[in-house]
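Student: Need a 3D model of the following:
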Amino acid sequence: MVDKIPNIRVLIVDDDALFARAIQRNLELLSTPRFECRVVLRHDIVAAAVEDFKPDIVLLDNDFDGDGGGVKVGVNQALPELVGRFRKMTGRVIIVTGKADPFSADDVIAAGAWGIGNFLHKEAVEDTAKLRDVIVAAHERALARETL
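Tutor: Sure, this is the predicted structure:
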């Protein structure tokens, strides 16, 4: 099934530049499907990046430096703007976290309300095949919703 998927555009939003670039490199090395990735390291430019890049999927860090100045932004602050401005992003956002206990009940409920495609721990993201499968599944679900 993976071999029938067209190119997938992935926006990686994470304040850990090394991690984000490694994910970008690993995804772009895959041949099936082909991934085109862009990295955003600050929350305050995510909306502009979505507008410009028009990603199929967004990998969004659960807790990242929002403006480059050390102010942390959680998923509950980033998602309303992202999904509110870009209704097409519903179900296309995959939350990524490095925390041992990544989400409070409030985080999960709020994220579900915004149509999150999936949750992944950063250790799972390092498994490129697993990450590919999660992205493809979220992409397929989002496409299926659009055809209803």
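Student: all contacts plus neighbour counts: C-alpha atoms, from now on.
Tutor: OK.
Student: how about the helices in this protein?
Tutor: Listed in chain order, the helices of the chain (DSSP state H) span 17-29, 46-53, 75-85, 105-113, 122-125, 128-146.
Student: On the strand side of things, show who Val13 bridges to.
Tutor: Val13 forms beta bridges with Val40, Leu60, as assigned by DSSP bridges.
Student: make that Leu120, sorry
Tutor: Note on Leu120: beta-bridge partners by DSSP bridges are Val96.
Student: contacting residues for the closest residue to His121 other than its chain neighbours?
Tutor: Spatial nearest neighbour of His121, chain neighbours left out: Thr97 (5.0 Å); criterion: Cα to Cα, 6 or more residues apart in numbering. Neighbouring residues of Thr97 by Cα atoms under 8 Å, 6 or more residues apart in numbering: Asp61, Asn62, Asp63, Leu120, His121, Lys122.
Student: Kindly recompute the last result at 7 Å.
Tutor: Residues in contact with Thr97 (Cα atoms under 7 Å, 6 or more residues apart in numbering) are Asp61, Asn62, Leu120, His121, Lys122.
Student: Among the residues you listed, which one lies nearest to Ala138?
Tutor: Leu120 (12.2 Å; Cα to Cα).
Student: burial measure for that closest one, as a count.
Tutor: Leu120 has 20 neighbours, counted by other Cα atoms under 10 Å.
Student: got it, and Pro33?
Tutor: Neighbours of Pro33 (other Cα under 10 Å): 18.
Student: Low-confidence stretches in the protein?
Tutor: Applying pLDDT under 70 to the chain picks out residues 1-5, 64-87, 90-91, 99-117, 148.
Student: mind running it again at 80?
Tutor: Across the chain, residues meeting the criterion (pLDDT under 80) sit at 1-6, 43-44, 62-91, 97-121, 124-125, 145-148.
Student: Thanks a lot, see you next time.
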